[in-house]
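model this:
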Amino acid sequence: QDQLVESGGGLVQTGGSLRLSCASSGRAFSSYAMAWFRQAPGEEHEIVAAISWTGSTTYYANSVKGRFTISRDNARNAVYLQMNTLKPEDSAVYYCAAEPNRSQQLSEGRNWYTLWGQGTQVTVSS
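Below you'll find the predicted structure:
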């Protein structure tokens with residue numbers, strides 16, 4: 001079973017930047033659609049961004065468009081989330097998720113993704 005491990009979270013001031021990384025231990029990473037979700041206390045999981053297995057298709061939640069960028073490096077079995085101009089409302093636990101899918105299909109729904117990491121905390125202070 002492949003495993004996903006997130007890193008890069010932390011405490012940052014409003015307007016600052018963070019880069020999250022998600023590393024996969026498996027050999028099938030290049031066949032996965034990948035996504036970043038987040039969950040704030042008392043809230044449901046919310047999709048942040050997603051990327052197809054080739055990287056040619058991406059999706060962003062309206063709340064992060066223009067500020068966040070998702071990318072992947074299949075040679076390194078890694079997906080990244082560059083977060084700029086961070087706001088206090090971006091504070092949450094951020095999760096990496098994966099779904100084997102060799103198409104350009106992506107999904108906003110958490111149930112579509114079958115492999116999840118443990119999460120990394122992002123806190124944006126005002």
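
drop to CA atoms for contacts and neighbour counts, all remaining ones
Noted.

What's the per-residue pLDDT of the residue nearest the centre of the chain here?
What sits nearest the mean C-alpha location of the chain, by Cα atoms, centre = their mean, is residue 36, with 2.1 Å. Listed pLDDT for residue 36 reads 98.

again with residue 45
95.

residue contacts, residue 87?
14, 15, 124, 125, 126 (Cα atoms under 8 Å, 6 or more residues apart in numbering).

same thing but at 7 Å, please
14, 15, 124 (Cα atoms under 7 Å, 6 or more residues apart in numbering).

do the same with residue 50
By Cα under 7 Å, 6+ apart, the contact set of residue 50 is 34, 35, 36, 58, 59, 60, 70, 106.

any idea which element it lies in?
Residue 50 is located in strand 46-51, with elements delineated by DSSP states H and E.

Okay, buried residues for that strand please.
46, 47, 48, 49, 50, 51 (16 or more other Cα atoms under 10 Å).

now those residues as JSON lines including distance to residue 6?
Shown next, in JSON lines, are those (distance: Cα to Cα, whole Å):
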{"residue": "46", "distance to residue 6": "17"}
{"residue": "47", "distance to residue 6": "16"}
{"residue": "48", "distance to residue 6": "15"}
{"residue": "49", "distance to residue 6": "15"}
{"residue": "50", "distance to residue 6": "15"}
{"residue": "51", "distance to residue 6": "16"}
